[in-house]
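K.L.:
sequence isn't available, so here's the structure alone:
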């Protein structure tokens, strides 16, 4: 695998959730998709990958991951952030507000949902050479 000039590290952070807590319906393919993507990125493109799947993909764990990334990611790094699971839009006075559903999401209010604007703000803090964000969810 040849390196891209100016890129120090290739990093991929993948979050995937099949098994949600009722009443949130389970999904069939996010975890297998994320594992396969991680495998291809590692084997064919020399990425270092980190996966949070199912019970590991709680709101707290996703928040902690995003909080540590600015200190972990360098200016010469290339980053992929991938989320596969449920996403919803909640009506508000300013229009619909998008949320990712972590594994421990509840549908009684937004307290256990992960706001997409919070995700955007966290990823904007990364001082990396390139970032690719893939959201495989509704209302992305």
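P.N.:
Yes, it's here. All figures in this text were calculated on a predicted structure; none of them were measured in a lab. Residues are numbered from 1 along each chain as shown.
K.L.:
rest of the way, CA atoms for contacts and neighbours
P.N.:
Will do.
K.L.:
SS state for residue 68?
P.N.:
Recorded secondary structure, residue 68: helix (DSSP: H, G, I helix; E, B strand; the rest coil).
K.L.:
okay, it: pLDDT?
P.N.:
Looking at residue 68, its pLDDT is 97.
K.L.:
contact partners for residue 127?
P.N.:
Residue 127 makes contact with 70, 73-75, according to C-alpha atoms under 8 Å, 6 or more residues apart in numbering.
K.L.:
what sits closest to residue 48 if chain neighbours are left out?
P.N.:
Spatially, and ignoring its direct neighbours in sequence, residue 48 is nearest to residue 11 (5.0 Å; C-alpha to C-alpha, 6 or more residues apart in numbering).
K.L.:
so the one you found belongs to a helix, correct?
P.N.:
No. Assessed with three-state DSSP, residue 11 is strand; it does not lie in a helix.
K.L.:
wait, what's in contact with it?
P.N.:
The contact partners of residue 11, by C-alpha under 8 Å, 6+ apart, come to 47-49, 77-80.
K.L.:
who wins on neighbours among those residues?
P.N.:
Most neighbours among the contacts of residue 11, by other C-alpha atoms under 10 Å: residue 79, with 24 neighbours.
K.L.:
correct me, but that one touches residue 134?
P.N.:
No. Using C-alpha atoms under 8 Å, residue 79 is not in contact with residue 134, being 11.0 Å away.
K.L.:
just want the most central residue of the protein.
P.N.:
Closest to where the C-alpha atoms of the chain average out (C-alpha atoms, centre = their mean) is residue 83, at 3.6 Å.
K.L.:
could you report the distance from that residue to residue 24?
P.N.:
Taking C-alpha to C-alpha, to the nearest Å as the measure, residue 83 falls 17 Å from residue 24.
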